[in-house]
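Participant: After the sequence you'll find the predicted model.
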Amino acid sequence: MKRIAGIILFASLVVPGGAFAADAVKSAELKTFAEKIGYSIGVDMGTYLNGIGDELDYDRLLQGLETGFKAGEPILSREEMQGVQQEFAQKMKEKQEAELKALQEENKKAGDEYLAKNKEKKGVTVTESGLQYEVIKEGTGATPTPEDTVKVHYKGTTVDGNEFDSSYKRGEPAVFPVGQVIPGWTETLQLMKEGASFRIVLPPALAYGEKGVSAAIGPNSVLIFEVELISIVNEEKEQLSQEGKANG
């Protein structure tokens, strides 16, 4: 509710020059700073409100913006406006919760089906936690502990094949502490030796759980990663230090 009230209040101070006159100037070039900032804020506000759809009356929205901008007398009392905004915020919260629940159920069904099929594949091992992994290449180096920092290359996809992250595409490996990543990664890295490559499938509990983390990784998402453990970074530093001492 505070966000909605804040957007409407802020927009009522600056948008009319870009929003109310939109039909008249839509083909005109925006020349002044006032025109550009008015239009920019109008687009931002309109994009946000677009997601609300039929919950708002567009004409009354413009009327309210004009009233606020021109310091006019509101048709509703301050108490009425606060009350209706609180009611609106509650409706939006309930709508979002319903949408989240539906998406959770949809993703859980798809994820469970994928996990059930994948675990039957030859070469796939399922751990007690539910982690599924397949050894693509055995490593020959040391195995990291939760206290170690590692250098890895990886690619991550969802069960429908959408790629959401890739260190390969960024052109450089990732470096991070083993004990400070999602549970599925922490467990996997402790099963690997330097030089190993695994394909892993993580249930939501070992990834980002019921809520997800972004539009790309939604609630109850099962995630698939190709992971290459390049090295344990702290070991590299120790070896370089020893070599330096020897050469010195």
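Facilitator: Here it is on my side, so go on.

Participant: So the residue nearest the centre of the chain: helix, strand or coil?
Facilitator: Centre of the chain computed as the mean C-alpha position; nearest residue by CA atoms, centre = their mean is residue 214, 2.0 Å away. Classification of residue 214 using DSSP: H, G, I helix; E, B strand; the rest coil returns coil.

Participant: was I right about residue 206 contacting residue 130?
Facilitator: Yes. Checked against CB atoms under 8 Å, the pair residue 206 and residue 130 is within contact range at 6.4 Å. (C-beta placed from N, C-alpha, C; glycine too.)

Participant: Who has more neighbours out of those two?
Facilitator: Legend: neighbour count by other CB atoms under 10 Å for residue 206 and residue 130, higher for residue 206 (23 against 16).

Participant: Contacts only, for the nearest residue to that one once chain neighbours are set aside.
Facilitator: Leaving aside its chain neighbours, residue 206 sits nearest to residue 184 (3.4 Å; criterion: CB to CB, 6 or more residues apart in numbering). Going by CB atoms under 8 Å, 6 or more residues apart in numbering, residue 184 touches 129, 131, 200, 202, 203, 206, 207, 223.

Participant: separation between residue 184 and residue 211?
Facilitator: In this structure, residue 184 and residue 211 are separated by 16 Å, where distance is defined by CB to CB, to the nearest Å.

Participant: C-terminal to the helix or strand hosting residue 134, which secondary structure element comes first?
Facilitator: Per DSSP states H and E, residue 134 falls inside strand 132-137. Beyond strand 132-137 on the C-terminal side, the first helix or strand identified by DSSP H and E is strand 149-158.

Participant: how far is the biggest helix by length in the chain from where the chain is centred?
Facilitator: When the chain is scanned for its longest helix (criterion: DSSP state H), the result is helix 78-118. Here helix 78-118 shows a centroid-to-chain-centroid distance of 16 Å under the convention CA atoms, centre = their mean, to the nearest Å.

Participant: Which elements pack onto that helix?
Facilitator: With contacts defined as 3 or more CB pairs under 8 Å, 6 or more residues apart in numbering; DSSP states H and E, helix 78-118 has these neighbours: helix 2-14, strand 197-202.

Participant: what's the least confident stretch among the ones you listed?
Facilitator: Mean pLDDT per stretch puts helix 2-14 lowest among those, at a mean of 42.

Participant: contacting residues around residue 188?
Facilitator: Residues in contact with residue 188, defined by CB under 8 Å, 6+ apart, are 131, 133, 198, 200, 225, 227.

Participant: Please identify which of these is nearest to residue 45.
Facilitator: Residue 45 has its nearest neighbour among those in residue 225, at 38.9 Å by CB to CB.

Participant: average pLDDT across the helix or strand harbouring the closest one?
Facilitator: With elements taken from DSSP H and E, the one containing residue 225 is strand 223-232. In this model, strand 223-232 has an average pLDDT of 97.

Participant: swap in stretch 161-177?
Facilitator: Mean pLDDT, taken over the full extent of stretch 161-177, equals 96.

Participant: Quote the end-to-end distance of that stretch.
Facilitator: End-to-end span of stretch 161-177 (CA to CA, to the nearest Å): 28 Å.

Participant: what's the answer for stretch 210-230, then?
Facilitator: With CA to CA as the measure, the ends of stretch 210-230 fall 31 Å from one another.

Participant: Now do it: distance to the chain's middle.
Facilitator: Remark: stretch 210-230 is offset 10 Å from the chain centroid, using CA atoms, centre = their mean.

Participant: now swap in stretch 59-73 and tell me
Facilitator: With CA atoms, centre = their mean as the basis, the distance from the averaged C-alpha position of stretch 59-73 to the chain average is 36 Å.

Participant: Likewise for stretch 68-85?
Facilitator: 36 Å.
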